[in-house]
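Novice: Structure here, sequence nowhere to be found:
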């Protein structure tokens, strides 16, 4: 069981989470719970760091940021003990979550869950601090990046061979669009790992991308559900478990995109490699990439790519040493957004792309970049047109249909 920040935001919600955990235990289940930091704690810690340093050291940032989840776990363990059950809280390190050496965006390389198993054997409920681990070689505290508690939960579930990984959040499941933008959005009973991967990568904030990827690779069934009621949510399962493959499952969006364009890139082998090796070395995650073909012999190319807006400063610093050699000029565009449609049924239905482009064109929405996969079409557009584009596509593909529509509890990207 994993509880997000809004699910443990105050004392009453921590007690509610404790009650749900105890109910599972009293129903005969062995329970491990992974907790996020309370509410806005992580943002407050980042603000504290900014008050004392303009460029906080990444190692010390991880030491600081890891405290939020530890607080949640200790408080929840106290509440469970008061309910008459034995609970033990563990840091990511104590739980055996080993990562690479990166700070603030570490990757899990192994989970040695011996201590968790021992506590379960003693009939304890185990609470694990999410979002964190310990580096395999240097033994430093590391954090996994935004939404990393989802990945912590899936990784622990995989290591223990858990029946299911329940992700408790402030929405009732995965919807066909963001209900804040499309009030008629449907709650989806089931989606495939492949669809959920594309949705998470395209901006759906309900589940972290890496957690879905980890679940797919290790065969962990995810149940995304609300912390505030007992209704079933959305199951994320292997494709062979799906009863049917809809043409379009959901419309997703992102409003945190930026675009960089490099002008005057030499038309020669290795030019793009130098650019993207520098970005990779700075831990910048690049999404769409478009390179034009020089029209004349000896001409220079242009490369455009999208990246998270928060990584613009780091990307600029990484590319600056290459100016004049790998490219002549760098342009950055901050106010970009992305709208995507996702659906496994697209594989066998022609004309989907034409419909997407036609719907947007009819309303004067200009497309700057396009990226596709067998089950996804993404368009980079002006930030101010994103909400309209989501509404247009959701309506055009008739995704409201029958079923559960958005509830009053706010839809929030964590």
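Specialist: Here it is on my side, so go on. Predicted model only: the values in this text are computed from it and were never measured.
Novice: what is the rounded mean pLDDT of the longest strand along the chain?
Specialist: For the chain, the longest strand by residue count, based on DSSP state E, is strand 250-266. Strand 250-266 comes out with an average pLDDT of 94.
Novice: buried residues in it?
Specialist: Buried residues in strand 250-266, defined by neighbour count with 16 or more other C-beta atoms under 10 Å: 250-260, 262, 265-266. C-beta coordinates here come from the backbone N, C-alpha and C atoms, glycine included.
Novice: Toward the C-terminus from the helix or strand encompassing residue 331, list the very next helix or strand.
Specialist: Per DSSP states H and E: residue 331 is located in strand 329-342. Note on strand 329-342: by DSSP H and E, the next helix or strand toward the C-terminus is helix 352-362.
Novice: can you list contacts of the strand or helix carrying residue 377?
Specialist: Using DSSP H and E, residue 377 sits in strand 376-382. Residues from elsewhere that reach strand 376-382, judged by C-beta atoms under 8 Å, 6 or more residues apart in numbering: 198, 202, 257, 259, 288, 306, 335-342, 346, 352-353, 356-357, 360, 365-372, 389.
Novice: Can you list the buried residues in stretch 5-15?
Specialist: 5, 6, 7, 8, 9, 13, 14, 15.
Novice: Of the contacts of strand 376-382, grab the buried ones for ChimeraX.
Specialist: Here is the ChimeraX command that picks out the buried ones among these, judged by 16+ other C-beta under 10 Å:
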select :198,202,257,259,288,306,336,337,338,339,340,341,342,346,352,356,360,365,367,368,369,371,389
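Novice: Need phi/psi at residue 193.
Specialist: phi -50, psi -40 (degrees, to the nearest 10).
Novice: My read is that it contacts residue 238, right?
Specialist: Yes: in this structure, residue 193 is within contact of residue 238 by C-beta atoms under 8 Å, at 6.2 Å.
Novice: shared neighbours of these two, which are they?
Specialist: Taking C-beta under 8 Å, 6+ apart as the contact rule, residue 193 and residue 238 both touch residue 216.
Novice: Looking at those two, which is more packed in?
Specialist: Remark: of residue 193 and residue 238, residue 193 carries more neighbours, 22 against 13, as counted by other C-beta atoms under 10 Å.
Novice: That one: what's it in contact with?
Specialist: Residue 193 neighbours (C-beta under 8 Å, 6+ apart): 212, 215, 216, 236, 237, 238, 239.
Novice: State the distance from it to residue 94.
Specialist: Applying C-beta to C-beta, to the nearest Å, the value for residue 193 to residue 94 is 30 Å.
Novice: Kindly report the same for residue 222.
Specialist: Distance of residue 222 to residue 94, given as C-beta to C-beta: 24 Å.
Novice: Equivalent analysis for residue 199, please.
Specialist: 33 Å.
Novice: And the two? Which one has more around it.
Specialist: Ranked by neighbour count (other C-beta under 10 Å), residue 199 and residue 94 place residue 199 first, with 30 against 15.
Novice: Which strand or helix spans that one?
Specialist: Judged by DSSP H and E, residue 199 forms part of helix 193-201.
Novice: swap in residue 105?
Specialist: In this structure, residue 105 is located outside every helix and strand according to DSSP H and E.
Novice: Burial check on the closest residue to it other than its chain neighbours, number of neighbours?
Specialist: Nearest residue to residue 105, sequence neighbours excluded (C-beta to C-beta, 6 or more residues apart in numbering): residue 145, at 4.3 Å. Residue 145: 17 surrounding residues under other C-beta under 10 Å.
Novice: OK, contacts around residue 145?
Specialist: By C-beta under 8 Å, 6+ apart, the residues touching residue 145 are 104, 105, 106, 210.
Novice: Tell me the one of those residues nearest residue 272?
Specialist: Relative to residue 272, the closest of the contacts of residue 145 is residue 105; by C-beta to C-beta it sits at 23.2 Å.
Novice: Am I right that that closest one is in contact with residue 144?
Specialist: Yes: using C-beta under 8 Å, residue 105 is in contact with residue 144, at 7.2 Å.
Novice: Cross the buried residues of stretch 5-15 against strands and list the overlap.
Specialist: Among the buried residues of stretch 5-15, no member lies in strands (by DSSP E).
Novice: From residue 252, how far off is residue 171?
Specialist: 14 Å.
Novice: show me where pLDDT drops low in the chain?
Specialist: In the predicted model, the chain carries pLDDT under 70 at residues 243-244, 294-298, 401-414.
Novice: Reformat the buried residues of strand 250-266 into TSV and put distance to residue 99 next to each item.
Specialist: Formatted as TSV, the buried residues of strand 250-266 follow (distance: C-beta to C-beta, whole Å):
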residue	distance to residue 99
250	31
251	34
252	28
253	30
254	26
255	29
256	24
257	27
258	27
259	31
260	29
262	32
265	35
266	38
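Novice: Out of the residues you listed, flag the one nearest to residue 140.
Specialist: Nearest to residue 140 among the buried residues of strand 250-266, counting by C-beta to C-beta, is residue 256 at 28.3 Å.
Novice: Look up the closest residue to the closest one, ignoring the ones flanking it.
Specialist: Closest residue to residue 256 in three dimensions, ignoring its sequence neighbours and counting by C-beta to C-beta, 6+ apart: residue 309, at 5.1 Å.
Novice: That neighbour contacts residue 259, correct?
Specialist: No: using C-beta under 8 Å, residue 309 is not in contact with residue 259; the gap is 9.7 Å.
Novice: intersection of neighbour lists for these two?
Specialist: Shared contacts of residue 309 and residue 259 (C-beta under 8 Å, 6+ apart): residue 336.
Novice: What are the boundaries of the helices in the chain?
Specialist: For the chain, the helices defined by DSSP state H occupy 11-26, 41-52, 58-65, 67-82, 114-121, 148-160, 193-201, 209-218, 271-281, 312-319, 352-362, 386-396.
Novice: Please name the residues that touch the residue nearest to the spatial centre of the chain.
Specialist: The centroid of the chain falls nearest to residue 208 when counting by C-alpha atoms, centre = their mean (2.3 Å). By C-beta under 8 Å, 6+ apart, residue 208 lies in contact with 146, 147, 148, 150, 151, 200, 414.
Novice: Give the burial count for the first one, as a bare number.
Specialist: Other residues within reach of residue 146, judged by other C-beta under 10 Å, total 17.
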